[in-house]
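Visitor: Just to be clear, the model below is a prediction. Sequence and coordinates:
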Amino acid sequence: MSDGYNFAQLKTEILKLSKATDWETARKEWRLVSISQADEPEACLCGHFPIIDLCTIKNGVTGQSVDVGNVCVKRFLGFRSDLIFASIKRIKSNPDKSIGPDAAALFHRQGIINAWEYQFQQDTHRKRDLTARQLATRHSINRKVLAAIRSRGIT
Ligand SMILES: [Zn+2]
């Protein structure tokens, strides 16, 4: 059972930053606002160490925000941050590949990719035979995303 991810501790910490006092309601106050990768390993709110893939979540009611590890965000809050990190790994190893829909939606919400790029992403996400121009656009989107992930502190 003990794999270092302490749900009771995470719950207590999240509840402190929430308005609701019961977990099922409190968790609905939160949303995923950004992801990043730590230069130095950090500790998750649950006490797990080390974590590199960080998710910043924000409470829409209290305005509080906090960094939580990728595993806890998926396991306990149900956000598919794992798909977003998978997108990052994919385009890091092959810039000809495309980020997935979950990643595109998040990066658009953050203003990292603009409305036109977001639409382009949806239209061409599954395409393998892009024109030279489309491929250049995909590369440019991927570069923006990777640059944003590298810099800590984006909101
Ligand atoms: Zn955790």
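Guide: Cool, the structure landed. Residues are numbered from 1 along each chain as shown.
Visitor: helix or strand for W116, which one?
Guide: helix 115-124 (DSSP states H and E).
Visitor: Which strands or helices does the helix or strand following that helix pack on?
Guide: Per DSSP H and E, helix 115-124 leads on to helix 132-150 as the next helix or strand towards the C-terminus. Identification of packing neighbours for helix 132-150 by 3 or more CB pairs under 8 Å, 6 or more residues apart in numbering; DSSP states H and E yields strand 30-42, helix 81-93, helix 101-109, helix 115-124. Any C-beta I mention is one placed from the backbone N, CA and C, and that applies to glycine too.
Visitor: One more pass at 7 Å, please.
Guide: strand 30-42, helix 81-93, helix 115-124 (3 or more CB pairs under 7 Å, 6 or more residues apart in numbering; DSSP states H and E).
Visitor: Give me the contact list for the second one.
Guide: The reference is to helix 81-93. 32, 35, 53, 55, 70, 73-74, 97, 99-100, 102-103, 106, 142, 145-146, 149 (CB atoms under 7 Å, 6 or more residues apart in numbering).
Visitor: So which bits of that helix are buried?
Guide: Buried residues in helix 81-93, counted by 16 or more other CB atoms under 10 Å: S81, D82, I84, F85, S87, I88, R90, I91.
Visitor: Next, the angle from it to helix 132-150.
Guide: Helix 81-93 and helix 132-150 are oriented at 120 degrees to each other (axes from the mean of the first three to the mean of the last three CA atoms, to 10 degrees).
Visitor: cool, the first one as well?
Guide: When the same axes, to 10 degrees is applied, the directions of strand 30-42 and helix 132-150 differ by 70 degrees.
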